[in-house]
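In: let's see this in three dimensions:
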Amino acid sequence: LDDPTLETLIGHHIGPAVSGALAARPAPGAAAAVTSFGIERAAPRVSVILSTEGDGADLDIHMARWSTDRDFAAAEIVIVAPRAVGERLAVRLKKQAAFYGQGGRLVLTHDTLDACDAIEIGVAHARADRLLFLAESVFSQAPGWLSRLEADLARHPGAGAVSPTLLYEDFSIHFAGLSQVEEPGASVDRLRRFSGYPRHWLTETEVTPVHAIAIECCLVPRESFTAIGGFSREFTDATYKALDFSRRLGAAGRPCLW
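Out: Below you'll find the predicted structure:
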């Protein structure tokens, strides 16, 4: 491990070999089961694709907030979860959706997938032309944020995706775009602009092109997702799949926005 040529060996030989092997893996495949819950939207404006690894304990918080936000009145909810929690989750979702006036589909997978693979399966079961990727741990502070993201895309024809600012629980910055990615060996977390800083460090007031979106919360036109073939299979970590997804959008002339 102290050999000075080790990094060269990894970059030139081991890395490409592993990446090639990963790329040869099959796609996530078909869902184990799909069940509908709540109100069926005839022509959804947005498909909210939310992946959960646990038992979906916080989904009722999302449902409650969506029920008081008119942006979600024409949205369908596509929840992707492992089959192991499917039975309990399906029962809970049907009760919550009926109470909060929401509806969509629960897509169960054979195995526990990372966020990007779960999103891939969710997209296959989504019907709207605009896709909102959302992590279960991301909550809105106020209604109306989805329509603002939609307006941002409308004002920037050809944009590949748009993400809002994401904050930690103490209101410090989690995501406000990504810095230049040319720095060798820099981790994605280190490249996040102002990560951990108080939110008053953000002075921009206009939509800004950035190098990457936050996969935890982003609005993506379906045509952009389809045009680049979704997420790459060459990475094992969802963080790098998301970064690669953003860079391929940019390379295809579809800039990411924050």
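In: low pLDDT regions in the stretch 151-258 of the chain?
Out: Where the stretch 151-258 of the chain drops to pLDDT under 70, the residues are 179-191.
In: all helices of it, in order?
Out: Listed in chain order, the helices of the stretch 151-258 of the chain (DSSP state H, counting those that start in this stretch) span 188-191, 222-227, 238-251.
In: wait, which of those helices is closest to A159?
Out: Checking these against A159 by Cβ to Cβ gives helix 222-227 as the closest, at 7.9 Å. C-betas here are computed from N, CA, C, even on glycine.
In: tell me which of the helices of the stretch 151-258 of the chain is the most buried.
Out: A comparison of these by mean neighbour count, using mean count of other Cβ atoms under 10 Å, puts helix 238-251 on top with a mean of 19.
In: need the CA coordinates for that one. PDB is fine.
Out: C-alpha atoms of helix 238-251 as PDB (Å, rounded to 0.1, in the frame of the first residue of the first chain):
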ATOM      1  CA  ALA A 238     -25.600   6.500  -5.500                       C
ATOM      2  CA  THR A 239     -23.700   9.700  -4.900                       C
ATOM      3  CA  TYR A 240     -21.400   9.100  -7.800                       C
ATOM      4  CA  LYS A 241     -24.300   7.800 -10.000                       C
ATOM      5  CA  ALA A 242     -26.000  11.200  -9.400                       C
ATOM      6  CA  LEU A 243     -22.900  13.200 -10.200                       C
ATOM      7  CA  ASP A 244     -22.400  11.200 -13.400                       C
ATOM      8  CA  PHE A 245     -26.000  11.700 -14.300                       C
ATOM      9  CA  SER A 246     -25.600  15.400 -13.900                       C
ATOM     10  CA  ARG A 247     -22.500  15.600 -16.000                       C
ATOM     11  CA  ARG A 248     -24.000  13.500 -18.800                       C
ATOM     12  CA  LEU A 249     -27.000  15.900 -18.800                       C
ATOM     13  CA  GLY A 250     -24.600  18.800 -19.300                       C
ATOM     14  CA  ALA A 251     -22.700  16.900 -22.000                       C
END
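In: now do that helix: everything it contacts.
Out: Surrounding helix 238-251, the residues in contact under the criterion Cβ atoms under 8 Å, 6 or more residues apart in numbering are 114-117, 160-161, 178, 181, 188, 211-215, 224, 228, 230-232, 234-235, 255-256.
In: what about 6 Å?
Out: Identification of contacts with helix 238-251 by Cβ atoms under 6 Å, 6 or more residues apart in numbering yields 114-116, 160, 188, 212-213, 215, 228, 231-232, 235, 256.
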